[in-house]
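Asker: Kindly return the folded structure for what I paste below:
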Amino acid sequence: MKDKFYSYILQLQDTITDKLEEVDGLAKFQQDLWNRPEGGGGRTRVIENGAVFEKGGVNISAVHGALPQSMQNYFGVKDADFFACGLSLVIHPKNPMVPTIHANWRYFEMYDKEGNIVDQWFGGGQDLTPYYLFEEDAKHFHFVCKTACDAHNPEFYQNYKKRCDEYFWNSHRDEARGLGGLFFDYCKATESTSMEDWYNFVTEVGNSFLEAYIPIVLKRKELPYSQKQRDWQEIRRGRYVEFNLVHDKGTLFGLKTNGRIESILMSLPPHVQWHYNHHPEEGSDEEKLIQVLQQPKDWV
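Answerer: Numbers count the residues shown, from 1 in each chain. Alright, predicted model coming up:
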């Protein structure tokens, strides 16, 4: 399964970066191949200073070796080895009318000292973080997510949307990071669902990414914006940074397994602002976004 999924994410990385370059029309992804001393490595691709995308990364990693003590404590195991691979992406557009997007699709195996698989699971999801609220964009994104889920189980969308709303929650701010989407983890084989079934589901979601995001980018990338709106974008990016550094489990896992720092922190935007005790003006478009972030809603 690990070889099959790794081959899939290699191809998906090519598909996504090719399309994003086409949409940007100016910048190209720069590729960086890296190795992890303890085992494995990755293929990082970063785009910067484009016509549409200010910064973005579409990264693959496949790492293996002894599970660090901190992660053994987290999983409640002893003397375990592991393999983990995944594709993780974050795209920060230049125009504040275009939302930031994050997605991740991953696979994990854990072994005993004889090399036998003792646990394995899939995880992943995709979520949208706008700076200005266009409800039709939110509905489109969630409709694509729901369609991908419904092809496999009619309960998946509501379950994984709820988990997404709960996970991408900046508890220290008491607000969501964005408008949510899907979040699933520890997707393991059961009597009714095989690992092959989970593979088919996760790849369905992965294949839906461009359909979910690109139409929004094309619709919003030429909209005019002011410096005030750009400032708001950078203030909201600050909240994005806070979540990734304070709450995100993927960041934590990468740091504790001696992952590549540049790839782990690729998700951070290049220009960010923090203003003391900042609040949007009453009745403004900025306040409209905050109101939705404070109370997640159903979009489809």
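Asker: What are the buried residues along the host helix or strand of residue 287?
Answerer: Using DSSP states H and E, the element containing residue 287 is helix 285-294. Residues of helix 285-294 classed as buried by neighbour count (16 or more other CB atoms under 10 Å): 286, 289, 290, 292, 293. C-betas here are computed from N, CA, C, even on glycine.
Asker: Export that helix to CSV, keeping only CA atoms.
Answerer: Provided in CSV are the C-alpha atoms of helix 285-294 (Å, rounded to 0.1, in the frame of the first residue of the first chain):
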residue,chain,number,x,y,z
ASP,A,285,-16.9,43.3,5.1
GLU,A,286,-14.1,42.4,7.5
GLU,A,287,-16.5,42.0,10.4
LYS,A,288,-18.8,39.8,8.2
LEU,A,289,-15.9,37.3,7.8
ILE,A,290,-15.2,37.3,11.5
GLN,A,291,-18.8,36.6,12.4
VAL,A,292,-18.8,33.5,10.2
LEU,A,293,-15.4,32.4,11.6
GLN,A,294,-16.9,32.6,15.2
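Asker: thinking in terms of the whole chain, how far from its middle is that helix?
Answerer: Centroid separation for helix 285-294 versus its chain: 22 Å, with CA atoms, centre = their mean, to the nearest Å.
Asker: and if you look at stretch 111-120?
Answerer: A distance of 28 Å separates the centroid of the chain from that of stretch 111-120, by CA atoms, centre = their mean.
Asker: Span of it from start to end?
Answerer: 9 Å (CA to CA, to the nearest Å).
Asker: Flag every buried residue along stretch 197-208.
Answerer: 197, 198, 199, 201, 202, 203, 205, 206, 208.
Asker: Stretch 129-146 now?
Answerer: Buried residues in stretch 129-146 (16+ other CB under 10 Å): 129-134, 137-138, 140-142, 144-146.
Asker: Could I get the buried residue list for stretch 182-191?
Answerer: Using 16+ other CB under 10 Å as the test for burial, stretch 182-191 gives 182, 183, 184, 187.
Asker: Against residue 82, how distant is the third one?
Answerer: Think residue 184. 19 Å (CB to CB, to the nearest Å).
Asker: Repeat that for the last one.
Answerer: Distance of residue 187 to residue 82, given as CB to CB: 17 Å.
Asker: can you check the second one too?
Answerer: Summarising the geometry, the distance separating residue 183 from residue 82, computed by CB to CB, is 21 Å.
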